[in-house]
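[1] Could you work out the structure for the sequence below:
(3 chains)
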Amino acid sequence: MKTPEEIFEYLKNEFGEDALTFEKGDIGDPWILVDAASIKSVSKFLRDDPGMRFNTLMCLSGLHYPKEEELGVVYNLHSTELNQTITLKVRVPIDEPAVPSVEAIWKTADWHEREAYDMVGVTFEGHPNHKRILLPDDWEGHPLRKDYVPQEFYRGVTTRA
Amino acid sequence: MIEVISKETGNKEMVINMGPQHPSTHGVLRLELVLDGEIITKVRPHIGYLHRCFEKYAEQMDDYAKVIPYTDRMDYVSAINQEHGYVIALERMLELEVPERVEYIRVIMAELQRIASHLLGIGAFGLDLGAFSPFLYLFTEREKILDIFEKVTGARLLYNYFAVAGLMRDVHPEFKTDTAEFVKTFRPKIKELNDLLSYNKIFIQRTANIGVLPEKVAFNYAASGPVLRGSGVKWDLRKNDPYSIYDRFEFDIPVGTGEVGTLGDCWDRYMVRVKEMEQSLRIIEQALDGMPDEGDVMAAIPKRIRAKEGEIYVRTESPRGELGYYIVSDKSASPFRVKARAPSFVHLSLLPAISRGSLIADMVAIVGSIDIVLGEVDR
Amino acid sequence: MAAILIHAAIPLTIILVYALVAIWGERKIAGFIQDRLGPMRVGGWHGWAQSIADLLKLIQKEDIIPTNASRFLFKFAPFMMFAASYAAFAVIPFSSAYIGSMINIGVFYLLAVTSILTLSVIMAGWASNNKWSLLGGMRSAAQMVSYEVPTIATVLTVVLVAGSLNLMTVTEMQAGNDTLGFLPNWLIFQNPFLIVAFIIFFISILAESHRVPFDLPESESELVGGYQTEYSGMRWAMFMLAEYADMLLLSLLGATLFFGGWNSPFGDFMGGPAWGFFWFMLKGLLLVFVMMWIRWTLPRYRVDQLMHICWNILIPLSFINLVLTALWEVIF
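    As a prediction, the model looks like this:
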């Protein structure tokens, strides 16, 4: 079992300092900020390396940071074999929100990524079925963005109560 | 009629919609099935019919505590467990101390709710396979639990009972005797259930070797709870990542054994739930013994919660599996982001992986055995 | 002419009264098995008028026909189904004094006429232009055609022993007590192979009349309602009526073939035509009750398992049984 700091050091040896940053809020869990371009290789390493063995992706969430005009994707990983946990985070500019998909690494990311796309509008490159999941395919906008305004009509039907 | 020609076999195939209104999809789930005769060659689950914007609402609330009633409505058959996860997440984030008595009451309530939820899950599973009577027997038992809940919380389905670092109100004086009485009367019913349904020959024929989920696939899809345990993995967050006061209790983790078929089939997942109810009874008994008679049910915390900047992912064991809350705070009074990682959502995504090549009737069994609640899938 | 009308009216009255009672009875039995009350309100005493109220409701309901349905077949199928099971009652000897039609090939006629049921189910499934209905119709066709084979084989076993295709003759030869004097002279007690035959026969009629555990054509948790999905109101009621009539028909056939028909179980005591009718209906309704009892106890088979039971177990068994019965008859 490794602490997040140790995992960060371990990853730094493999991927260098540029792609990774260790961050922590005032409270709660720390996370590793990963460069969008290298998230897939980092994920693959985390899953396969004998010292990491992160075999499950517990949760994948999409976030919108209105101040920075960025979108974020958070990966909560857990290794059932080594009983260790780590959080990865990717941040991309809102006008170019492309993140490589990790669907090939953890199958469960399939639906989670579709939901993140649906809700905040992150696009996942290489996702086999990149469609909305909760909302209709022809819905406009991404509801979990902070500046979201619902469309007034959907197929001619008002969305107001 | 929509017909497609299969690329693999050259047979004519039929596309059929199972749901959103269908008796066995446990709510408003739509499964788009591609059939070759009655054999399913492809499944595409479509969800979102019960999307009620939980995450958006949570961000709009001006108080962290105001989100609690909304968590109830996610998985409406195990509302207490949803609240439990959320309040634990907040307590961990704010590093709050929870009074001893509260922890005990919470565990008792959570385990009662787990039994109630499994009763519904098992009963509905039997119903899907055409066994009507066990469903009603189990409902009678569930009713007794709901009576206990009603007496404590005033509600039968959506309780809004847990508060941050406390409870909304104390339990009534007869709570202990009521619960002990239920535990006593419920134990023999599990045996009755096994006689009536679990080891029924037709039931075994319908569920054994159906929808086999191998361990590797289960991990890859991040399965959890009874679905993962049904594949023979000893994994329970109450033991492996203890929260609340679960480390004080003695109980076993029942796992699938492949007793009547293959390891990880529908019957194994079903049986794990049955055995889990017994373990929940054990926890309740121990908690009733250890529960202090006197004590506060609310810690001294400020009326309005204000978190510092940070984020946390907390997971708890809901009846359906790993219920995770990912909460981000930004110093304001309302959460910046609340994401609920619903076990049903994850389990539904592995449906196509385990149901290919089965019959329509098996599809019903598989959906029943992963025990989804659509309120939680769509949130 | 008047005689024909009377002969036609008697079974119809029996079926209608029976259907009302049986539907109410099934709900009460289900309630009893499931620790609840069942209908309790309509009519006062234990909700006895519930079926009548339901019937009145169904009559008033709108007759919905799907736009893309094949209209004639859709409308015709329920009546054809009822007609088939109703027509078969003609050869059932209700009492020593009454049988609708005294024909020599009664059993043969009955089996032939009930085969039309299959046709009407397929018709309903196909004409609805609904995929669930179609699947239900196809399942039903496969199921009923398959299970007709063991049914016929077991009926043949009885015919072999009784030596007649006329159900009245078959009943008459079961009168009195056997040589030992304490068992009635019913066919099921005459020959050990006929007990096996009865078990196969009973399983087969469960499947023929779409009862649990073989209710796949209309399995509500898989196929929504199977071939009945698109039906409502009176047409749906006709299906229900036909189904209950079919249940009664096959149960009465079982009572005639194996349990002495209208013969009293006590020899001459409580004999005579009126008591005969009572005994006959009692035997039939007991079998109907067992069918209901099974329905509320067992889960449902899957379609491939259903076929497996029929072709791999029941059919070989019934034919072996037929041969052994013949040998028994030759030897004793």
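[2] Closest residue of chain A to chain B?
    Nearest residue of chain A to chain B: A:G25, at 2.7 Å (Cβ to the nearest Cβ). The way it works is simple: take the backbone N, C-alpha and C, and place the C-beta from them, glycine included.
[3] Tell me the bridge partners for the nearest residue to that residue once chain neighbours are set aside.
    In this structure, A:G25 finds its nearest non-sequential neighbour in B:G310, 2.7 Å apart by Cβ to Cβ, 6 or more residues apart in numbering or on different chains. Beta bridges link B:G310 to A:I27, B:S329 when assigned by DSSP bridges.
[4] Just the pLDDT for B:G310.
    In this model, B:G310 is scored at 84, pLDDT.
[5] picking that back up, what pLDDT is listed against the residue of chain A closest to chain B?
    For A:G25, pLDDT reads 79.
[6] Contacts only, for it.
    When contacts are counted by Cβ atoms under 8 Å, 6 or more residues apart in numbering or on different chains, A:G25 touches B:308-311, B:329.
[7] on that earlier part again, now the residue nearest to A:G25: how far from chain C?
    Note on B:G310: its distance to chain C, by Cβ to the nearest Cβ, to the nearest Å, is 47 Å.
[8] gap between C:T118 and C:R139?
    To C:R139, C:T118 is 11 Å away according to Cβ to Cβ, to the nearest Å.
[9] Hmm, I typed the wrong one, I wanted C:V21.
    Counting by Cβ to Cβ, the gap from C:V21 to C:R139 is 29 Å.
[10] higher neighbour count, these two?
    Neighbour count, other Cβ atoms under 10 Å in any protein chain shown: between C:V21 and C:R139, C:R139 has more, with 27 against 14.
[11] hang on, that one in a strand?
    No: secondary structure of C:R139 (DSSP: H, G, I helix; E, B strand; the rest coil): helix, not part of a strand.
[12] quick one: it from C:L117, how far?
    According to Cβ to Cβ, C:R139 and C:L117 sit 14 Å apart.
[13] what's the farthest-apart pair in the contacts of A:G25?
    B:K308 and B:E311 (10.8 Å; Cβ to Cβ).
[14] Which residue of the two possesses the greater neighbour count?
    B:E311 (27 against 13).
[15] correct me, but that one touches A:P30?
    No: at 9.4 Å, B:E311 and A:P30 do not qualify as touching, with contact defined as Cβ atoms under 8 Å.
[16] overlap in contacts of the two?
    With Cβ under 8 Å, 6+ apart, B:E311 and A:P30 have common neighbours A:T87.
[17] Could you find the closest non-adjacent residue to the most centrally placed residue in chain A?
    Closest to where the C-alpha atoms of chain A average out (Cα atoms, centre = their mean) is A:V73, at 2.7 Å. Leaving aside its chain neighbours, A:V73 sits nearest to A:V90 (4.7 Å; criterion: Cβ to Cβ, 6+ apart).
[18] Need phi/psi at the residue of chain A found nearest chain C.
    Closest contact between chain A and chain C, by Cβ to the nearest Cβ, is at A:R155 (22.4 Å). The phi and psi values for A:R155, taken as degrees, to the nearest 10, are phi 50, psi 40.
[19] C:W275: which element?
    Per DSSP states H and E, C:W275 falls inside helix C:272-295.
[20] Run the chain-centre distance for that helix.
    12 Å (Cα atoms, centre = their mean, to the nearest Å).
[21] is chain B contacted by stretch C:299-310?
    Yes: using Cβ under 8 Å from any Cβ of the partner chain, stretch C:299-310 reaches chain B at C:299-305.
[22] With neighbour count and distance to B:I210 as extra columns, can I get these in a markdown table?
    Formatted as a markdown table, the residues of stretch C:299-310 next to chain B follow (neighbours: other Cβ atoms under 10 Å in any protein chain shown; distance: Cβ to Cβ, whole Å):
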| residue | neighbour count | distance to B:I210 |
| --- | --- | --- |
| C:P299 | 26 | 13 |
| C:R300 | 27 | 14 |
| C:Y301 | 24 | 13 |
| C:R302 | 25 | 9 |
| C:V303 | 23 | 14 |
| C:D304 | 13 | 12 |
| C:Q305 | 18 | 11 |
